[in-house]
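J.: Have a look at this fold, sequence not included:
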């Protein structure tokens, strides 16, 4: 009979004994004692030991303890054993720490196999250390052994669920194993555990994983197209194979690029080229490098370089994956680009600038360009070799200005270097092609030109920027452009609202008419963000009487009233209420139009309960002004408006208290029903207490 069978038999016997014995049964205790004695005798005969701690009869816990040792002696022996175990554990942890440092040094030296060896030995000494598994997973990732990296990261998290590096490395391993959903989930879990620490690395990895997922799907589709014999895909693959021949001459490469250019616009063209690192192989080809770095080019070389640059431009435009492929060897690529910018041929220089523009749209390639060719980038953008490249150079420097090194340079020599070309070309650049990418780049530059508010150059730059913005607005208002101009208009209105000089510059109607008229026109735009930004600009400018007069002249006040009934969000409501309050305060005709509109005041009051303090204060001011302009007999507001105003007055430190108090006083004066409601709610005492507190 096996040990398990014997154990189960004893369990059955105990169960039968317990069921057969009653608590009050005479002799029950004696039966139980007899059964236990029988079992103990059996254990002694077989040497069976029930205790877990003594499962190994040779355990060193009791070595050296003589039979018959008294209690004090026994405790001394146990204490000595505990101290011995602690000492051994400390030695093991010290050895593990030393091995961990050796592993870290091996990682820094790119000796990943050696690092794995040290971490594995450290784990043997300290198997419950989460960091050791996490570090070894990093070494496995560097060795592209992602299954092992995943196992180690999971073990690290099992030992310590707060190990943030383990979350990061598990996510990276899962992404490499094409488990994109699992990777995103892991990164999100790690991000949520940051507890106020910088979450940016996890957010960046989530974006990277989504990018990798998209690239995986595109490559899968391209492979399926090749397997299905898609004509464009098969031809692109054949041309790519020719391109990757590093012995190919410049004429052969130029011919391949010419044939390849239309195929890059097909669904699989860029993906197939990218799958074979085509762009990086192209720019690092010996013949291409030799031609680019040469001081003098023949006509054939110019044409070949232009064909190659055309493929690079088409391959990199709005394609982050292709841009990464192109900049895989950044230093080498930058050397080729710097040489091409110095070409004696305008077409080569222009094509190179066009490529730099495409690369500069995305942050990562832009940072690489600023790092590797900062001086050349500024020179090429601000003072291009050929006048035909001026607008492209301006576009390039606009994009580069998003990077901090360029902006830091702006604080010292950038204005002296840049102001002449911007004064001469910015306006024409704005009007050249008002598409989203152009406008975003220009606005970035305009914003960066306002960094040093106290310098004369900046004030001059702001005036030039403002003039350019107004000209750009005029262009965007054209009927053929306006419906598609949401992104540009939104950015432009946002920029104008934040421009410190704008209120001073728009004091006169002649200067401000374009901005105000455009903003009013955009109140009818379908894009809500455009409408919100336009209202924001108008609210910023509403302190100028000429602007309010222009709003009245354009007869757009009815649209402003209508917007109150469209449940605006808090940001829009704050700007809209500010604009309405200014209109009602500064223009009597507008105020009377508001007061006589039967739906306006009820809609205004309906927004009070959910309005922020700032919005409530503006709404209350507008209400007070309208109450001055409307006869009492025409006032039809419900009495609960008193409740709403009192709620804001009772709020501690509310910015709406003063205007709500004024509006409440006007209501009480206008009709007895509002006064009676105030009395019912102790409104008079509340107002007196508020005025007393404000006086103190």
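T.: It's in. Nothing here was measured: the structure is a model prediction, and the numbers come from that model.

J.: Please identify the helix or strand for residue 222.
T.: helix 200-227 (DSSP states H and E).

J.: Counting neighbours, show which residues of the helix or strand following that helix come out buried.
T.: Using DSSP H and E, the helix or strand that directly follows helix 200-227 along the chain is helix 231-243. Neighbour-count burial for helix 231-243, with 16 or more other C-beta atoms under 10 Å as criterion, is recorded at 232-233, 235-237, 239-240, 243. All C-beta spots, glycine's among them, are computed from the backbone N, C-alpha and C.

J.: circling back to that earlier point, relative orientation of the helix holding residue 222 and helix 231-243 in degrees?
T.: 110 degrees (axes from the mean of the first three to the mean of the last three C-alpha atoms, to 10 degrees).

J.: Identify each buried residue in helix 200-227, please.
T.: 202, 205-206, 209, 212-213, 215, 218-219, 222, 225-226.

J.: which one of the residues you listed is nearest residue 493?
T.: residue 206 (31.2 Å; C-beta to C-beta).

J.: I figured that closest one hits residue 188, correct?
T.: Yes - the pair residue 206 / residue 188 is scored as a contact, 6.7 Å apart, by C-beta atoms under 8 Å.

J.: For the stretch 451-600 of the chain, which segments count as helices?
T.: Secondary structure of the stretch 451-600 of the chain, counting by DSSP state H, counting those that start in this stretch: helices at 456-476, 486-498, 502-505, 509-521, 528-541, 545-553, 557-564, 570-586, 588-596, 600-606.

J.: which stretch in these has the least confidence?
T.: With a mean of 53, helix 502-505 has the lowest mean pLDDT of the helices of the stretch 451-600 of the chain.

J.: The residue lying closest to residue 599 once chain neighbours are set aside: how many residues sit nearby?
T.: Counting by C-beta to C-beta, 6 or more residues apart in numbering, the nearest residue to residue 599 once its immediate chain neighbours are dropped is residue 565, at 6.9 Å. As a burial measure, residue 565 scores 14 neighbours (other C-beta atoms under 10 Å).

J.: Need phi/psi at residue 565.
T.: Backbone torsions for residue 565, taken as degrees, to the nearest 10, come to phi -90, psi 0.

J.: swap in residue 344?
T.: phi -80, psi 0.

J.: between the buried residues of helix 200-227, which is nearest residue 549?
T.: So of the buried residues of helix 200-227, ranked by how close each gets to residue 549 (C-beta to C-beta), first place is residue 206, at 51.0 Å.

J.: ok, now which ones touch that closest one?
T.: Residue 206 makes contacts with 184, 187-188, 191, as judged by C-beta atoms under 8 Å, 6 or more residues apart in numbering.

J.: Okay, helices next: where are they in the stretch 251-400 of the chain?
T.: 269-275, 278-283, 286-293, 299-316, 320-326, 330-341, 346-360, 363-372, 374-382, 390-400.

J.: Just send those back as CSV, with distance to residue 99 too.
T.: Converted to CSV, those look like this (distance: least, C-beta to C-beta, whole Å):
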stretch, distance to residue 99
helix 269-275, 41
helix 278-283, 39
helix 286-293, 46
helix 299-316, 46
helix 320-326, 37
helix 330-341, 36
helix 346-360, 45
helix 363-372, 37
helix 374-382, 43
helix 390-400, 47
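
J.: For the ones you listed, give me JSON lines that also has distance to residue 162, mean pLDDT and mean neighbour count.
T.: Output for the helices of the stretch 251-400 of the chain, formatted as JSON lines (distance: least, C-beta to C-beta, whole Å; pLDDT from 0 to 100; neighbours: other C-beta atoms under 10 Å):
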{"stretch": "helix 269-275", "distance to residue 162": "39", "mean pLDDT": "88", "mean neighbour count": "25"}
{"stretch": "helix 278-283", "distance to residue 162": "40", "mean pLDDT": "83", "mean neighbour count": "22"}
{"stretch": "helix 286-293", "distance to residue 162": "50", "mean pLDDT": "84", "mean neighbour count": "17"}
{"stretch": "helix 299-316", "distance to residue 162": "42", "mean pLDDT": "84", "mean neighbour count": "21"}
{"stretch": "helix 320-326", "distance to residue 162": "33", "mean pLDDT": "79", "mean neighbour count": "21"}
{"stretch": "helix 330-341", "distance to residue 162": "36", "mean pLDDT": "85", "mean neighbour count": "18"}
{"stretch": "helix 346-360", "distance to residue 162": "40", "mean pLDDT": "85", "mean neighbour count": "23"}
{"stretch": "helix 363-372", "distance to residue 162": "31", "mean pLDDT": "80", "mean neighbour count": "18"}
{"stretch": "helix 374-382", "distance to residue 162": "41", "mean pLDDT": "73", "mean neighbour count": "20"}
{"stretch": "helix 390-400", "distance to residue 162": "41", "mean pLDDT": "72", "mean neighbour count": "24"}
